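Trainee: With the input below, show me the fold.
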Amino acid sequence: MKITSLETIRLRDHANIVWVRVHTDAGVVGLGETFRGAEPVETFIHAAVAPQLIGRDPRRIDAIAKLLTEPYIGFRSSGVEMRAASAIDIALWDLLGKASGLPVYQLLGGLSRDRIRTYNTCAGYSYNSSGGRRAIGAEDRATGPYDDQLGFERDAGALAESLLAEGITAMKIWPFDRYAVASGGNFISSADIRAGLAPFEKIRKAVGDRMEIMVELHSMWDLPSALAIARALRDIRPFWAEDPIKMLDAGALQTYAERSGIPVCASETIAGRAHYLELFRRECIDYAMPDISWCGGLGEAKRIATLAESFQRPIAPHDCTGPIVFIASTHLALNAPNAVFQESVRAYYATWYRDLVTALPRVVDGHVTLPEGPGLGAELQPDLWKRTDVVVRRTDAKDLG
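Mentor: Model (predicted):
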């Protein structure tokens, strides 16, 4: 089997997402995805990746991963090159599953569990859809029942109750972000800390300990400010503080871990197991959160999971991006023995994810299960190619001269 062409698809209405389809001479097509910088990733795939992959055996996934993540084609960062490599890797695992008639989790080593607990990232329908993260203003109005960022800003207790009604017993919120934007992350006042604490207090008052609460800090704070927030949060007993400081210095993160009194989760921004290794050695993190579309793909995420297991650390794959990453992450989460959570966004999987793919993981009673079928078990919706906002590019052997 040989790779004959690479195809990319993106939608202007979902400008952060780009899909890649790897075509072969056997007629089997693998589907991958990555997120942010969609247009530069598309350009890189056709300009730099396609000339290297066309004519290769797509079943040699590790060899291709090495080719695409080491100089001079790619570099070990979470930039355009690594995101392109991640999308290709996901597509190759999907392709191998289809060619062998097996689901991806079986190729990774089989099921460790039939379902995995999820937490709801409390984003709204348009959060992350094109530009940066959404900022809530006084004029905002809910556009549906799952406008959950508005929910935690306005009435976090009622939001927690609505999640519990669906069987979801863990949630992630980020009420401190607005103060980091205002100060550059270098200072937070006592008044702002008190205001940021309010949603957590409302959750505890409404539902007590029936809800696990994750605090997302988005790598927006310097060390003293992050520690000030941590001191205020201790009585809330958050399940973890995610990316509490800028992910630039393992020593600073180690200091935070030692002094904060809160478990540390990191990080979707980290690419490759080599970066995680230093954090594990320094005992900086308690939970590893690789993003499959940014860390190097399913293969690298599996290696990160195995590395984390050797340090007795659980993983919780990141997903606040697109539907194929959600599906691929769930395959890993059901396979990896040390997976503890699979992130999900109900505002996404209940609405626009369904418009883009033919099947999705099911979220039932606070747990995620997978669709049936070989490979990832899903395809892009056939009508996607008919949309007026679709951009499709394809490179095959004849285009390479």
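Trainee: now the end-to-end length of stretch 232-250.
Mentor: 23 Å (C-alpha to C-alpha, to the nearest Å).
Trainee: cool, and stretch 382-397?
Mentor: Length of stretch 382-397, first residue to last, C-alpha to C-alpha: 25 Å.
Trainee: tell me which residues in that stretch are buried?
Mentor: Within stretch 382-397, the residues that qualify as buried are Leu384, Arg393, Thr395, counting by 16 or more other C-beta atoms under 10 Å. For every residue, glycine as well, the C-beta is placed using N, CA and C.
Trainee: Which ones among these map onto helices?
Mentor: Within these, no residue falls in helices by DSSP state H.
Trainee: and the residues you listed, which of them are in strands?
Mentor: Mapping those onto strands (DSSP state E) picks out Arg393, Thr395.
Trainee: packing partners for the longest strand that the chain contains?
Mentor: Longest strand of the chain, by residue count under DSSP E: strand 14-24. Secondary-structure packing of strand 14-24 (3 or more C-beta pairs under 8 Å, 6 or more residues apart in numbering; DSSP states H and E): strand 3-11, strand 29-35, helix 38-44, helix 80-100.
Trainee: can I get these in TSV with mean pLDDT?
Mentor: Formatted as TSV, the helices and strands packed on strand 14-24 follow (pLDDT from 0 to 100):
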stretch	mean pLDDT
strand 3-11	97
strand 29-35	97
helix 38-44	95
helix 80-100	96
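Trainee: Of all the ones you listed, which one is nearest Ile173?
Mentor: Comparison of these against Ile173 by C-beta to C-beta identifies strand 29-35 as nearest, at 20.9 Å.
Trainee: could you pull out the strands for the stretch 101-250 of the chain?
Mentor: In the stretch 101-250 of the chain, the strands defined using DSSP state E, counting those that start in this stretch lie at 116-121, 170-173, 212-216, 240-242.
Trainee: Quick check: what element follows the last one along the chain?
Mentor: Per DSSP states H and E, strand 240-242 leads on to helix 250-260 as the next helix or strand towards the C-terminus.
Trainee: by contact count, what packs against that next one?
Mentor: Checking 3+ C-beta pairs under 8 Å, 6+ apart, helix 250-260 ends up next to helix 223-233, strand 264-266, helix 273-281.
Trainee: Could you rerun that using 10 Å?
Mentor: Packed against helix 250-260 by the contact rule (3 or more C-beta pairs under 10 Å, 6 or more residues apart in numbering; DSSP states H and E) you find helix 223-233, strand 240-242, strand 264-266, helix 273-281.
Trainee: In contact with Ala347, which residues?
Mentor: Taking C-beta atoms under 10 Å, 6 or more residues apart in numbering, we find Ala347 in contact with 120-127, 143-149, 151, 353.
Trainee: pLDDT value on the closest residue to Asp209 other than its chain neighbours, please?
Mentor: Among residues not flanking Asp209 along the chain, Arg237 sits closest, at 7.8 Å (C-beta to C-beta, 6 or more residues apart in numbering). With respect to pLDDT, Arg237 scores 97.
Trainee: Now for Arg237, how many residues are close by?
Mentor: Under the neighbour criterion other C-beta atoms under 10 Å, Arg237 is assigned a count of 13.
Trainee: measure the residue nearest to Ile324 when sequence neighbours are not counted to Leu248 for me?
Mentor: Closest residue in space to Ile324, ignoring its immediate chain neighbours: Glu33 at 3.6 Å, by C-beta to C-beta, 6+ apart. Using C-beta to C-beta, to the nearest Å, Glu33 is found at 27 Å from Leu248.
Trainee: Name the residue in the two with the higher neighbour count.
Mentor: Glu33 (30 against 9).
Trainee: looking at it, that one is touching Tyr353, isn't it?
Mentor: No - assessed by C-beta atoms under 10 Å, Glu33 is found out of contact with Tyr353, at 11.5 Å.
Trainee: Find residues that contact each of these two.
Mentor: Shared contacts of Glu33 and Tyr353, counting by C-beta under 10 Å, 6+ apart, come down to Gly322, Pro323, Ile324, Phe326, Ile327.
Trainee: Let me see the contact set for the third one.
Mentor: By C-beta under 10 Å, 6+ apart, the contact list for Ile324 reads 17, 19-20, 31-35, 87, 90-91, 94, 292-293, 353, 356-357, 376, 378-380.
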